[in-house]
Every structure is written in C-alpha cells, then in structure tokens.
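**Student:** sequence and predicted structure below; questions after.
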Amino acid sequence: MTSRDDVRIEVWNRLKEVAFPDSRFHYDFGEFIADFKGSEKATTRLIAMDIYKDAQVIFVTPDNCLEQLRSQVILDEKIL
C-alpha cells in the first residue's frame with residue numbers, strides 16, 4: 001500500500017514536468033499551487049461555462065495559475 005506522502009511526492013515529481021517555478025518557492029509544491037502549461041486554456045474554458053456567466057460572486061484563490069481568472073472576474077465586473 002502506498003502512503004499519502006508517497007503519492008504526494010509522485011504528484012509533485014510529475015508536476016515539475018509542466019509547472020512553472022515560483023520565484024518565492026521554486027518547485028516546493030507544498031508551499032504554493034504552481035502555474036502550469038495550458039492554464040490560459042483552462043481559464044478560457046471556465047469563463048465559457050454557464051455557471052461562470054451566471055455567477056455574480058466568484059471566489060478565486062491567490063494561486064499563480066489563477067491570475068488570469070482573477071483579472072477576468074474583475075473585467076467582467078463580478079465580485080471577486
């Protein structure tokens with residue numbers, strides 16, 4: 001049986017293949033959620049969804065990969 005720590009380490013190792021390092025934490029994924037290749041596409045797909053369009057208030061964590069989403073929420077005049 002694999003422990004949680006083993007799984008976490010495996011995920012972080014795979015994440016290094018697509019993640020962008022953070023200037024504060026580098027590749028310490030225990031400290032932050034990294035931006036990743038394709039995060040712009042993820043934002044585009046999300047804002048096209050009816051649930052986003054219909055929402056008046058959007059909670060977005062301050063993670064690097066969500067910077068574009070936070071900007072879009074403000075541009076769309078939704079409550080962030």
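**Tutor:** Here it is on my side, so go on. Numbering: from 1, shown residues only.
**Student:** which other helices and strands contact the lowest-mean-pLDDT helix or strand in the chain?
**Tutor:** Ranked by mean pLDDT, DSSP states H and E, the weakest helix or strand in the chain is strand 19-20, scoring a mean of 76. Contacts defined by 3 or more Cβ pairs under 8 Å, 6 or more residues apart in numbering; DSSP states H and E place strand 19-20 against strand 35-36. Glycine gets a C-beta too; all of them are placed from N, C-alpha and C.
**Student:** just checking: what are the partner strands of the strand it packs on?
**Tutor:** strand 19-20 (antiparallel) (DSSP bridges).
**Student:** now do the phi/psi pair for Lys16.
**Tutor:** phi -60, psi -20 (degrees, to the nearest 10).
**Student:** can you check the pLDDT for it?
**Tutor:** Looking at Lys16, its pLDDT reads 78.
**Student:** where does pLDDT dip in the chain?
**Tutor:** Residue ranges of the chain with pLDDT under 70: 1, 21-32.
**Student:** just want the most central residue of it.
**Tutor:** Geometric centre of the chain, nearest residue: Cys65, 3.7 Å, by Cα atoms, centre = their mean.
**Student:** contacting residues around that one?
**Tutor:** Counting by Cβ atoms under 8 Å, 6 or more residues apart in numbering, Cys65 makes contact with Ile33, Ala34, Asp35, Phe36, Ser39, Ala42.
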